[in-house]
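**Q** Take a look and give me a structure for this.
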Amino acid sequence: MKQIETERLIIREFELSDTEGLFELDSNPDVLKFIGIDSVKEIQESEDLITVLQKQYAENGIGRWAVIEKSTGDFMGWSGLKLYRESINNQINIYELGYRFIPRFWGKGFATESARAWVNYAFDELKIPKLFAVTDLEHHSSKNVLHKLGFKDIEVIKYNGEYLNWLEIKNESENICSKGSL
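**A** Take a look at the predicted model:
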């Protein structure tokens, strides 16, 4: 089992034991407000998603991973990289950083902490030249997390009928994420 540890988090591949936590996350309309997808209605949908994520690990060696609070062992949400092999914004084979947390963990720096770990992993381990992220135009909290990490606003794109902020960070020594350890 692969995992990344930070000061307060364990970030690891999803297991079927995460089904209830994932259901709590993805059945909450507040969590999905800026995502553009419907909330899940049945716990089986969460179990099926974990199976899909596990398949992505096998095929791509990466994906969205469960975020666990170190001190309690509680499932908090997910964070990770998604490999886009199909064209998105006229680019292919690029990695997107994403994260989603249960509301009781909002506003405590967990998204920034987990995202920083992924930026470091992408650049130090995967040696990729850049990462991208997208946010809803009104999702200011998520955009603030990305700006803290050194992501730059590139453009507004239309994807799946939604207008989104496209942000990027390049693998360069001056990035905030590369200036020290977690």
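
**Q** Show me where this protein has its helices.
**A** For the chain, the helices defined by DSSP state H cover 19-26, 43-60, 110-124, 140-149.

**Q** burial of residue 123, as a residue count?
**A** Residues contacting residue 123 under the criterion other C-beta atoms under 10 Å number 21. All C-beta spots, glycine's among them, are computed from the backbone N, C-alpha and C.

**Q** That one contacts residue 171, doesn't it?
**A** Yes - Residue 123 is in contact with residue 171 according to C-beta atoms under 8 Å; the separation is 4.4 Å.

**Q** centre of the chain versus stretch 162-174, how much separation?
**A** 14 Å (C-alpha atoms, centre = their mean, to the nearest Å).

**Q** Would you mind listing the buried residues in that stretch?
**A** Residues of stretch 162-174 classed as buried by neighbour count (16 or more other C-beta atoms under 10 Å): 164, 165, 166, 167, 168, 169, 171.

**Q** For the first one, give the beta-bridge partners.
**A** Yep, that's residue 164 we're talking about. residue 136, residue 157 (DSSP bridges).

**Q** Roughly how far does it sit from residue 68?
**A** 29 Å (C-beta to C-beta, to the nearest Å).

**Q** ditto for residue 82
**A** For residue 82, the distance to residue 68 - C-beta to C-beta - is 20 Å.

**Q** just residue 48 next, same as before
**A** From residue 48 over to residue 68 (counting by C-beta to C-beta), the distance is 21 Å.

**Q** Which of those two has more residues huddled nearby?
**A** Between residue 48 and residue 68, counted using other C-beta under 10 Å, the more crowded position is residue 68 (21 against 13).

**Q** Let me see the confidence value for that one.
**A** For residue 68, the pLDDT comes out at 98.

**Q** okay, now the nearest residue to it once chain neighbours are set aside: neighbour count?
**A** Using C-beta to C-beta, 6 or more residues apart in numbering and skipping the chain neighbours, the partner closest in space to residue 68 is residue 10 (4.4 Å). Neighbourhood size, residue 10 [other C-beta under 10 Å]: 16.

**Q** quick one, what contacts residue 10?
**A** Residues near residue 10 by C-beta atoms under 8 Å, 6 or more residues apart in numbering: 3, 4, 67, 68, 70.

**Q** returning to that earlier point: return the member of the buried residues of stretch 162-174 nearest to residue 129.
**A** Residue 129 lies nearest to residue 171 out of the buried residues of stretch 162-174, by C-beta to C-beta, at 5.3 Å.

**Q** so what's that closest one up against?
**A** 122, 123, 127, 128, 129, 130.

**Q** just to revisit the earlier point, so which of the contacts of residue 10 sit within strands?
**A** 3, 4, 67, 68 (DSSP state E).
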